[in-house]
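Enquirer: whatever this is, show me its structure:
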Amino acid sequence: MDLTVVPLLTAVHRHPRGTPQYDVGHRDRLAAMEAALHLAASPYHGIGLPDTIASGRRAARKALAGLGHGPQPAA
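Expert: Next up is the predicted model:
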């Protein structure tokens, strides 16, 4: 929009029970952690139940592969 004027009035409305937002750089930090760890929980790949289940399955596949149990089928 290329606005150049300073607003006369601003307001911030926070919703304490709203869905949390990830901080800038979350994906990069997560990638660095996942290179060394088997992470599974809602703070990593999404807060919904389907996201949490998928996160657990990814971590389990990674752990099993690390134990030499070969590639696991995708869920």
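Enquirer: now K62: which helix or strand?
Expert: Assigned by DSSP states H and E, K62 belongs to helix 49-66.
Enquirer: could you report the neighbour count for G56?
Expert: With neighbours defined by other CB atoms under 10 Å, the count for G56 comes to 16. C-beta here means a position set from N, CA and C on the backbone, and glycine is covered the same way.
Enquirer: pLDDT at the closest residue to it other than its chain neighbours, what is it?
Expert: In space, G56 comes closest to A40 once its chain neighbours are excluded; the distance is 4.3 Å by CB to CB, 6 or more residues apart in numbering. For A40, the pLDDT comes out at 79.
Enquirer: so who does A40 touch?
Expert: Contacts for A40 (CB atoms under 8 Å, 6 or more residues apart in numbering) come out as T52, S55, G56, R58, A59, A60.
Enquirer: would you map the helices across this structure?
Expert: For the chain, the helices defined by DSSP state H occupy 26-34, 42-45, 49-66.
Enquirer: name the residues of the last one that come out as buried.
Expert: Which is helix 49-66. Of the residues in helix 49-66, T52, A54, S55, G56, R58, A59, R61, K62 count as buried by neighbour count, 16 or more other CB atoms under 10 Å.
Enquirer: the second one too?
Expert: Residues Y44, H45 are the ones in helix 42-45 that count as buried (16+ other CB under 10 Å).
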